[in-house]
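Engineer: my questions are about this predicted structure, shown below with the sequence.
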2 protein chains.
Amino acid sequence: MTPDEFRRAGYELIDLIADYLDGGVAERPVMTDLAPGDVRALLPEHPPTEPESWAAVRADVDRVVLPTITHWQHPNWFAYFPANTTYSSILGELLSAGLGVQGMSWVTSPACTEIETLMLDWMLELLGLPDRFRSTSEHGGGVIQGSASEAVLVAILAARWKATAGVVNRLGDTSRLVAYTTSQAHSSIEKGLRIAGIGTDRVRVIEHDERFAMRPEALAHAIEADIEGGLIPFFVCTTHGTTSSMAFDPTAVVAEVCERAGAWLHVDGAMSGIAALAPELRWVNDGIERAGSYCTNPHKWMGINFDCSLFWTADRAALLGALSILPEYLRSAAAESGAAIDYRDWQVPLGRRFRALKLWFNLRLDGVGAAQERVRRDVALAQEFASWVAADDRFEIVAPHPLNLVCIRLAGDDDAPTEALIERINTAGEFHVTRTVLDGRTALRVSIGARTTERANVEALWAVLRA
Amino acid sequence: MTPDEFRRAGYELIDLIADYLDGGVAERPVMTDLAPGDVRALLPEHPPTEPESWAAVRADVDRVVLPTITHWQHPNWFAYFPANTTYSSILGELLSAGLGVQGMSWVTSPACTEIETLMLDWMLELLGLPDRFRSTSEHGGGVIQGSASEAVLVAILAARWKATAGVVNRLGDTSRLVAYTTSQAHSSIEKGLRIAGIGTDRVRVIEHDERFAMRPEALAHAIEADIEGGLIPFFVCTTHGTTSSMAFDPTAVVAEVCERAGAWLHVDGAMSGIAALAPELRWVNDGIERAGSYCTNPHKWMGINFDCSLFWTADRAALLGALSILPEYLRSAAAESGAAIDYRDWQVPLGRRFRALKLWFNLRLDGVGAAQERVRRDVALAQEFASWVAADDRFEIVAPHPLNLVCIRLAGDDDAPTEALIERINTAGEFHVTRTVLDGRTALRVSIGARTTERANVEALWAVLRA
């Protein structure tokens, strides 16, 4: 592909994306009724032997790709989480791809590292997070991870290193380490613990209350019992906005329990932490000032395209202890001086893209006001939706709904009507919602925050739910 | 940012990238002489309170970003590995960002999963890899990982699961598991093992020969000794193209040792496996047909922008056993039928971008011929460079150079002249090379394969080296 061909195809692709996001997506079903294998059947089984034209590839984007993706940017998207994407962040991703730099170390691309560090400090300020996470603090700092799964994994590894005074790097012995969370925590917590060699026998599922929030007294009992049993409570994860119901664990109280036990406290605010952009919603940060680490995802609800998961720690030495390995071909004077950050030691992979560009572009081109406005609009719509549900006695609301997620079900003990309702909505393709189970009962999650969701979309969903 | 602003800024950014890659980058120093903190000092410490114009942001790309990145796409780039980026793959990344879909499960975007599976099968065919890795085989399959570090980590986790018959998920007990590799293996192997709870006391560094390749008889002895000691040899990693010197371990012989011991064999072809696109270089695959897993990186040497690391396994059940966790909110009929692939269970993170698009775009728009040509040109240039070095008795070549990497040093026992030479070249900024240490002696790596490196660039480097 020549530079001129790239320019022409690039302009067309920019137009295609603008057309798609600015209306095109809304005209499609959110999700089509495909069976596994249907997409592959549209494409040749073997690679082409000769180059094809841009026109041919572009035609296949229309013919093959657009009809067979699930449209996360659709205004009737009420599923999973808001993965709303802004134009500005798309441009940032494009520039990252176009420059083709590698940010594994400071020296492999200083701007990639330093703009990222600055973005973490900007976001700390915008979210009202504690100074102990700031890059200029004595012990803390932040980094962009690809996902909250990776963020919690590195938190677990830092905690594991700290609880064993680093000996785990040599002996790999995790046999006495115990972790604590609730059944409402994201699956990535169990996955991260499993990866780190903490089996389910060493993961205590702490009881939650009727609001699906951790009972700190149950945590305290479990930790005491484990200490008496000769085990080491090393890691506690609270969630600020659980995936199933957006429950908030009482981190401030949990933190006291953790401090007494010497356990690392990680706060997972992946889905809801962005709410703190609105000062009146800063209660979502309660207790974070006592955590060892925190994560929230601008690729959820802030308009940054995936992947962009912000991770802060108050103890970067533990993180570096857990993850640093320095072969000869990666040594540099900058790194050895201690003045530069080498983000490869803050994450699982070695290589890294220039992900800070999309955050930088978004904060400058759209401004934080746009993201605040979206958060406020989504919270207001969710509260309004909840009021409609509350007024209709065929439905019940099954969990607190402090922000933009409302979990509902058809009244009564039988799950079948709710299961059928979810199935019917998702099969019809006009709307997309997610099913979950809360304390053994099926619920329909309505997550509000897609790119262009307005009141009319929520009203239309409610009309279908009632019908 | 409005759709129209996006269109105008998008066209400009496409032009900026074309201008940069098509000449602009070559006019800059590969690397500038910055100190940590210099980039941040160019930017405001606090986020903007109001949106800024595209003109302002674009001006900062010129003022702040372009002068402070290390230019991996520079024709005088001889450092680390070839991270050559094609226009076609940049377009694929742009479309991925623009569609904003999530490929965590088949159901969350069928095209994202199915095109990825097809691309793995296409690449298997183009690289001449064994059928047991094909997605349509009985037990195998492939997936795009973000990096080879993640690929080897999931291989380790699959091996760990298999060696413990899955019990590790419950008990987390890794105390009897032992892994084997050489000192020449990439740092990600030790990092992955450490993450998985295999400490350095359980990692055997197997002796290498004068070609920096593993001695299989030394591996056999180490494995026997561990079995006699009541330990479980669970994981062996061979490298096809080590980072320091591009050594190839004798995988075919190692595989026999692994089979006898029941250990998982992972082959790391991250940096050099792409050579197999040229049929006459398919010897780089020797032995892979007996491995449990294999990885090679199209973001190294094939022109796909980072991140795109291909991972195949012959035992997907072990991978799924190691990584599957299924909460209620991720259940789907497609997944439960077994007919669909849910790639979240093939990797560490849950979320995933539509990375297959950049591979698909590249294979169609540029065709595999372009990548083959680059591989051949780079190998030829490296061999020619090596012949110049061999003919100059002030230098010595310190390792075999079967492909596109030549490791040299100034003759004699003293490292200081070579250290000084590397320092001088990198400080001058016209070229960029990487230092390494081979059997205790400093070496200068010349890795050939940047986007537009031609014979004249290699000649110019040689002129500077000789001067």
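Structural biologist: Thanks, I have it. This structure is a prediction, so every number in the text was calculated from the model and none was measured.
Engineer: against A:Val152, how distant is A:Asp366?
Structural biologist: According to C-beta to C-beta, to the nearest Å, A:Asp366 stands 28 Å off from A:Val152. All C-beta atoms are positioned from the backbone trio N, CA, C, and that covers glycine.
Engineer: how about stretch A:348-360, does it reach chain B?
Structural biologist: Yes: Stretch A:348-360 comes into contact with chain B (C-beta under 8 Å from any C-beta of the partner chain), by way of A:348-351, A:353-354, A:357.
Engineer: buried ones in that stretch?
Structural biologist: A:348-360 (16 or more other C-beta atoms under 10 Å in any protein chain shown).
Engineer: out of these, which sit inside helices?
Structural biologist: A:356-360 (DSSP state H).
Engineer: can you lay out these as a markdown table showing distance to B:Asn84 and pLDDT?
Structural biologist: Listed next are these as a markdown table, based on distance: C-beta to C-beta, whole Å; pLDDT from 0 to 100:
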| residue | distance to B:Asn84 | pLDDT |
| --- | --- | --- |
| A:Ala356 | 23 | 98 |
| A:Leu357 | 20 | 98 |
| A:Lys358 | 23 | 98 |
| A:Leu359 | 27 | 98 |
| A:Trp360 | 26 | 98 |
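Engineer: over to the residue in the stretch 51-200 of chain A positioned nearest to chain B: give its phi and psi.
Structural biologist: Nearest to chain B in the stretch 51-200 of chain A, going by C-beta to the nearest C-beta, is A:Gly197, at a distance of 2.7 Å. As for A:Gly197, its main-chain torsions (degrees, to the nearest 10) stand at phi 80, psi 20.
Engineer: thought A:Ala179 was touching it, still the case?
Structural biologist: No: applying C-beta atoms under 8 Å as the test, A:Gly197 and A:Ala179 come out as separate, 11.1 Å apart.
Engineer: tell me which of the two has more neighbours.
Structural biologist: Higher neighbour count among A:Gly197 and A:Ala179: A:Gly197, with 28 against 25, using other C-beta atoms under 10 Å in any protein chain shown.
Engineer: kindly provide the distance from the closest residue to that one other than its chain neighbours to A:Asp209.
Structural biologist: Take A:Gly197 and drop its neighbours on the chain: the residue closest to it by C-beta to C-beta, 6 or more residues apart in numbering or on different chains is B:Gly197, 2.7 Å away. Separation of B:Gly197 from A:Asp209 (C-beta to C-beta): 33 Å.
Engineer: so where's the stretch 301-450 of chain A shaky on pLDDT?
Structural biologist: Applying pLDDT under 70 to the stretch 301-450 of chain A picks out residues A:329-330, A:334-337.
Engineer: how about the residues of it by chain B?
Structural biologist: A:305-307, A:322-323, A:325-331, A:334, A:337, A:339-341, A:348-351, A:353-354, A:357, A:361, A:363-370, A:434-437, A:445.
Engineer: among the residues you listed, which are in strands?
Structural biologist: Judged by DSSP state E, those include A:434-437, A:445 as members of strands.
Engineer: these, buried ones only, as a PyMOL selection?
Structural biologist: Buried subset of these, written as a PyMOL selection, criterion 16+ other C-beta under 10 Å:
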select buried, chain A and resi 434+435+436+445
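Engineer: of the ones in strands among the residues of the stretch 301-450 of chain A next to chain B, closest to B:Thr239?
Structural biologist: The closest of these to B:Thr239 turns out to be A:Thr434 (C-beta to C-beta; 42.8 Å).
Engineer: quick one: that closest one and A:Tyr80 touch, right?
Structural biologist: Yes: the pair A:Thr434 / A:Tyr80 is scored as a contact, 5.5 Å apart, by C-beta under 8 Å.
Engineer: what are the ranges of the strands in the stretch 351-467 of chain A?
Structural biologist: Taking DSSP state E, counting those that start in this stretch as the criterion, the stretch 351-467 of chain A carries its strands at A:395-397, A:405-410, A:432-438, A:441-447.
Engineer: ok, and which of those strands has the densest surroundings?
Structural biologist: strand A:405-410 (a mean of 25; mean count of other C-beta atoms under 10 Å in any protein chain shown).
Engineer: and it, which strands flank it?
Structural biologist: Sheet neighbours of strand A:405-410, with direction, are listed as strand A:395-397 (antiparallel), strand A:441-447 (antiparallel) (DSSP bridges).
Engineer: mind listing residues that contact the shortest one?
Structural biologist: Right, strand A:395-397. Contacts to strand A:395-397, defined as C-beta atoms under 8 Å, 6 or more residues apart in numbering or on different chains, come from residues A:386, A:389-390, A:406-411, A:465.
Engineer: one more pass at 7 Å, please.
Structural biologist: By C-beta atoms under 7 Å, 6 or more residues apart in numbering or on different chains, the surrounding residues in contact with strand A:395-397 are A:386, A:389-390, A:406-411.
Engineer: do stretch A:361-381 as well
Structural biologist: With contacts defined as C-beta under 7 Å, 6+ apart, stretch A:361-381 is touched by A:86, A:88-89, A:91-92, A:122, A:126, A:274-275, A:277-278, A:281, A:301-304, A:403-404, A:448-449, A:455, A:458, B:1, B:47-48, B:50-52, B:54, B:57.
Engineer: among those residues, name the buried ones.
Structural biologist: Buried by 16+ other C-beta under 10 Å: A:86, A:88-89, A:91-92, A:122, A:126, A:274-275, A:277-278, A:281, A:301-304, A:403-404, A:448-449, A:458, B:1, B:47, B:51-52, B:54, B:57, out of those.
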